[in-house]
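A.B. asks: Below: sequence and its predicted model.
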Amino acid sequence: MTSGNKYKWFIIISICIITLLHYFTLPSIWAFHDFYRRLYYIPIILAAFKFKLKGAFLSSMTVILVYAPHLLIYFGRLNINVINQLLEALMFIIIGGITGALVESESRVRKLLELQITKLTDLENYTENILNSILEGVVAIDQELKIQSINREGKHILCFPENSGNQYIYEYFEEAGKVKGILSDAMAREGHIHRYETYNYRGPDHKISLRIHGYPLKNRQNKLEGMVLVIEDITQIEKLEQHIRRTDKLSAVGELASGIAHEVRNPLGIIKTISQTISREIEDEETKEGLQIIESEIDRANKVIQGLLDFAKPSVFHSKYQSIALIVDDVVRIVNKYAEQHKVSIYSQYAKDEIIFADADKLKQAFVNIIINGIQAMPQGGSFVICLDTNDHWVKIAFTDKGIGIDTAKLEKVFEPFFTTKEKGTGLGLAITHRIIEEHKGYIEIESTKNVGTTIHVYLPKNHIQGDGKNEEDFNRR
């Protein structure tokens, strides 16, 4: 039995019981009859609350019908008591009607309120979905610079914890003082913030670059209530710009090398020949020492020129399917003697081998450059670890040394031509390495901590045939 039917039966039974009490009580006992009449209010009011105006009206009319014969029994003529009884009956109708109308009105108001709440909730959810669909962080702050609202991307960019209270926005930036000053100034003049750039760390070594735009937030009276900030993560944009600049530099170096390298080598060769001739003909040791320095510097210049020529030379690939583990093993054999001379032990760890389509000689050249740089970064000796791993799309080779590390400010330049941290370096080794890996549709990432060590991650696409475009889209999404 449903709840509504239960109430219906309760009202019907209540009216019947009260009516029976009237008819089976002697007419002379007026006090009881007065009490019984007032008991009719209970089913009438209950019907009004549960079944609204319709319920109140039907219950009132039912009470009148069952109560009317009782009036005829009690009164044989019209007198004040009859009038009182009729008024009492009228009160049943009035009470039922008023109560039902009030309940009906309250029900309509409640439904309207529930409808408005539902609409507001839907609108709030819709607005939140819009904000969470935006790929930039959107943050609303008040005049005290406290966060009032933040979308999903904003939480991700700022590492904002869930269910946090009102926090100061500048506390989530590495340059908190500068950001606070910029926001306070914009708030004071009710102005905009345009392309302010700063940075954060999403981990000990994961630096992200950010760009902030700010817009005044005003109410209907045009009074300032705070600001809306749009925060962009421009890390990938900066990496792309660096890649374009590096490519431009490589192109310029290639043109420069092809244009002047041969012209420079010829006079240097003549100078070296004359220096050797003079050195054989004279006996003065001091002069011989000076000539040896000249020859040594000419050799070093020739080495740089040869590097330029190799760098400018168009790459010709001889690719085939082969084991990446075998390539790494060959590289370890190549550099092992050099490592032993510098008291460095090389360790290889292969989680899984993989067959790739690549030019083995080119990859060996790239890996040797990386390992030699790592060994030279450990003047006191140490260990050099090579880890090989794979996932669904990439083969990952990690080269880790325990050397002197690289300053954070210099990390972005290590793959640029002629950039070197060594006194006698040419600055072309890692630039050539970077080009070789990119020509294999791969990419390189570097992590370094000063006085702790450096790890270079090389990513090569699995089963990639050069020039077929496979993995190109995945590569561009990095």
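C.D. replies: Good, I have the coordinates.

A.B. asks: Distance from the chain centre to whichever helix or strand V109 is part of, please.
C.D. replies: Assigned by DSSP states H and E, V109 falls within helix 80-133. The chain centroid and the centroid of helix 80-133 are separated by 47 Å under C-alpha atoms, centre = their mean, to the nearest Å.

A.B. asks: Which SSE is immediately downstream of it?
C.D. replies: Next element after helix 80-133 (DSSP H and E): strand 137-142.

A.B. asks: Show me what that next one pairs with in its sheet, parallel or antiparallel.
C.D. replies: Next to strand 137-142 in the sheet, as set by DSSP bridges, lie strand 147-150 (antiparallel), strand 224-233 (antiparallel).

A.B. asks: In contact with the residue most central in space within the chain, which residues?
C.D. replies: Against the mean C-alpha coordinate of the chain, by C-alpha atoms, centre = their mean, the closest residue is H156 at 3.7 Å. The contact partners of H156, taken as C-beta atoms under 8 Å, 6 or more residues apart in numbering, are G137. In this view, the C-beta of every residue, glycine as well, is placed from N, C-alpha and C.

A.B. asks: So it versus I150, what's the distance?
C.D. replies: 10 Å (C-beta to C-beta, to the nearest Å).

A.B. asks: quick one: common contacting residues for the two?
C.D. replies: With C-beta under 8 Å, 6+ apart, H156 and I150 have common neighbours G137.

A.B. asks: So for the host helix or strand of I12, what gets flagged as buried?
C.D. replies: I12 is part of helix 3-23, with elements assigned from DSSP H and E. Across helix 3-23, burial judged by 16 or more other C-beta atoms under 10 Å covers Y7, K8, I11, S14, I15, I18, T19, H22.

A.B. asks: What is the burial count for K352?
C.D. replies: The number of residues packed near K352 is 11, by other C-beta atoms under 10 Å.

A.B. asks: which residues touch the closest residue to it other than its chain neighbours?
C.D. replies: Nearest non-adjacent residue to K352, counting by C-beta to C-beta, 6 or more residues apart in numbering: T390, 5.3 Å away. T390 makes contact with A351, K352, E354, K396, K462 under the criterion C-beta under 8 Å, 6+ apart.

A.B. asks: How much space separates the nearest residue to A377 once chain neighbours are set aside from I370?
C.D. replies: In this structure, A377 finds its nearest non-sequential neighbour in G403, 3.0 Å apart by C-beta to C-beta, 6+ apart. Taking C-beta to C-beta as the measure, G403 falls 12 Å from I370.

A.B. asks: Looking at the two, which one has more neighbours?
C.D. replies: A direct count of neighbours by other C-beta under 10 Å for G403 and I370 places I370 higher, at 25 against 22.

A.B. asks: The biggest strand by length in the chain to strand 224-233, inter-axis angle?
C.D. replies: What stands out as the longest strand in the chain, according to DSSP state E, is strand 207-218. For strand 207-218 against strand 224-233, the angle by axes from the mean of the first three to the mean of the last three C-alpha atoms, to 10 degrees is 160 degrees.

A.B. asks: Adjacent strands (with direction) for strand 207-218?
C.D. replies: Per DSSP bridges, strand 207-218 is paired in its sheet with strand 193-201 (antiparallel), strand 224-233 (antiparallel).

A.B. asks: Which positions within that strand qualify as buried?
C.D. replies: I208, S209, L210, R211, I212, G214, P216, L217.
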